[in-house]
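[1] below are the sequence and a predicted model; questions follow.
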Amino acid sequence: MKKSSFITFIFDLDGVITETSEYHYKAWKIVCDKIGYNLTRKKNEELKGVNRKQCIELIMQWSNIQLSENEINIYLEEKNNIYNGFIKNLNQNDVCEGVLNFINEALKKNIKIALYSASRNAKKILCQLNIIDLFTVIIDGNNVSNSKPDPEGFKIAADLTKTNTENCVVFEDSFYGIEGANKLNMYTVGIGSKDVLNNANVVYKGFENLKIKDIINV
């Protein structure tokens, strides 16, 4: 790919912009304990980037437990309430180290900044972090019919920023998120473990030592 061909950066939220992924795990862990399933951190990796309804469907599959539609809705609401309780005190200090500097440097180079998160609370969280104004486009769980690894949300972000998909860079901490972006030939940057995100074009532990030139000069 030619130098500086990337004009839009698409960020995931949980585990990339802010570390709320731990709160998701804790909330799901409480719900799983109630239905008699031990959700491990390793298994929780498969829930990252997946919407709530599909998460409970996966949990039912893993636990071989069948829940009624009413029970599903009750547990989904409970999980969301527990999660919202965890994140109610989020503020700008909870932005992951290095992310703000990275985004601001990208903006100086006229790179468009977008967000695509499976979370239905994405806009609320960005407001709490006081960074919502940095994003040209925000796609969350309320805007898509199919969650990751379906590429729907990434395609919407590209369309709304008027960017060809091959000119987009996606920053993700989930295997499914990377998989979805790969389907559109977007350049994928995994944030986290190389062992987990082995389908990404490149993987960094975080943004602390990640520079714009590392991305746009590939």
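    Structure received.
[2] now do the spatially most central residue of the chain against Ser63, distance only.
    A centroid search over the chain (CA atoms, centre = their mean) returns Asp12, at 3.3 Å, as the residue closest to the centre. According to CB to CB, to the nearest Å, Asp12 and Ser63 sit 27 Å apart. Every C-beta, even on glycine, is put in place using the N, C-alpha and C of the backbone.
[3] over to Lys194?
    Distance of Lys194 to Ser63, given as CB to CB: 30 Å.
[4] same question for Lys162.
    Remark: distance between Lys162 and Ser63 (CB to CB) = 44 Å.
[5] please parse the protein into its domains.
    As recorded under automatic domain parsing, the domains making up the chain are 8-18+91-216, 21-87.
[6] need the winner for burial among the ones you listed.
    When you average the neighbours per residue for each of these (mean count of other CB atoms under 10 Å), domain 8-18+91-216 leads with a mean of 19.
[7] how far does that domain stretch from start to finish?
    Length of domain 8-18+91-216, first residue to last, CA to CA, to the nearest Å: 11 Å.
[8] can you tell me which residues contact the nearest residue to the residue nearest to the centre of the chain once chain neighbours are set aside?
    In this structure, Asp12 finds its nearest non-sequential neighbour in Glu172, 4.7 Å apart by CB to CB, 6 or more residues apart in numbering. Listed by CB atoms under 8 Å, 6 or more residues apart in numbering, the contact set of Glu172 reads 12, 16, 49, 178, 181, 188-191, 197, 200.
[9] ok, of those, which one's closest to Tyr116?
    Nearest to Tyr116, judged by CB to CB, of those is Asp12 at 6.7 Å.
[10] surely Ser117 touches Gly141?
    Yes - using CB atoms under 8 Å, Ser117 makes contact with Gly141 at a distance of 7.2 Å.
[11] now the strands for this structure?
    Ranges of strands within the chain are 8-11, 112-116, 137-139, 168-172, 187-191, 202-204, based on DSSP state E.
[12] need the ones you listed in a markdown table with distance to Asn44, can you?
    Output for the strands of the chain, formatted as a markdown table (distance: least, CB to CB, whole Å):
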| stretch | distance to Asn44 |
| --- | --- |
| strand 8-11 | 21 |
| strand 112-116 | 20 |
| strand 137-139 | 23 |
| strand 168-172 | 16 |
| strand 187-191 | 17 |
| strand 202-204 | 19 |
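[13] can you add mean pLDDT and distance to Asn91 and give the ones you listed back as TSV?
    Output for the strands of the chain, formatted as TSV (pLDDT from 0 to 100; distance: least, CB to CB, whole Å):
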stretch	mean pLDDT	distance to Asn91
strand 8-11	98	19
strand 112-116	98	18
strand 137-139	97	19
strand 168-172	97	22
strand 187-191	97	21
strand 202-204	96	25
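[14] the ones you listed: which one's closest to Tyr37?
    Among these, the nearest to Tyr37 by CB to CB is strand 168-172 (26.3 Å).
[15] quick one: strands adjacent to the closest one?
    If you go by DSSP bridges, strand 168-172 pairs up with strand 8-11 (parallel), strand 187-191 (parallel).
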